[in-house]
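Trainee: got a predicted structure plus its sequence, pasted below:
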Amino acid sequence: MAMQHATLSSIGLLIACSLFVGCAHTVRVKAVDSRTGQPLAGVSAVWREDASDLLWGSHHFGPTNLPPSEADGTITVTGVRSKRVSRFIFERSGYSTVYVLYSGRTFTRADSASIPGSDGQFILREPLCSVQPTNGFVVIEMMPR
């Protein structure tokens, strides 16, 4: 009986922890030129993740500078949690900045945002566009200036 109670307690603790933390996963981004569709190397990205919960309150992680996109335009982000709000800023010389918000497995993109501070937080400005992953990638189209 004690063993069964310990097992149930452990399972309950694991479920509670998974609800609190959320499952981390990898997001793969492909930066492309919006006119040609060609991949863009050298796109820099900044990532910030925000969390809000009853136990710890509101807090954020980052901003973190991610490695620039490779020759095929890819940027890989590991440790993203769908139960948190992630903000991404994509920049490359000669191209307009792109802002992306990720929340609840939904990607929303904008070409402008209000930036209240230098800590990577921003609020998207309309028009907004939903971005659906394609072939395992979130395709970020960047507009040449």
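Mentor: Happy to help now that I have it. Numbers count the residues shown, from 1 in each chain.

Trainee: now do the same contact list for the residue positioned nearest the centre of the chain.
Mentor: Computing the C-alpha centroid of the chain and ranking residues by C-alpha atoms, centre = their mean puts Ser86 first, at 4.1 Å. Counting by C-beta atoms under 8 Å, 6 or more residues apart in numbering, Ser86 touches Val27, Trp47, Arg48, Glu49, Asp50, Val80, Leu101, Tyr102, Ser103. Yep, even glycine has a C-beta here, placed from its N, CA and C like the rest.

Trainee: make it 10 Å
Mentor: When the contact criterion is C-beta atoms under 10 Å, 6 or more residues apart in numbering, the partners of Ser86 are 27, 47-50, 61-62, 77, 79-80, 100-103, 107.

Trainee: buried subset of the residues you listed?
Mentor: By neighbour count, with 16 or more other C-beta atoms under 10 Å, the contacts of Ser86 hold Val27, Trp47, Arg48, Glu49, Asp50, Gly62, Val77, Val80, Val100, Leu101, Tyr102, Phe107 as buried.

Trainee: quick check: closest non-adjacent residue to the second one.
Mentor: I take that to be Trp47. Thr64 (4.9 Å; C-beta to C-beta, 6 or more residues apart in numbering).

Trainee: quick check: which element contains that neighbour?
Mentor: strand 57-66 (DSSP states H and E).

Trainee: hang on, Ser69 in a strand?
Mentor: No - per DSSP: H, G, I helix; E, B strand; the rest coil, Ser69 lies outside any strand segment and is coil.
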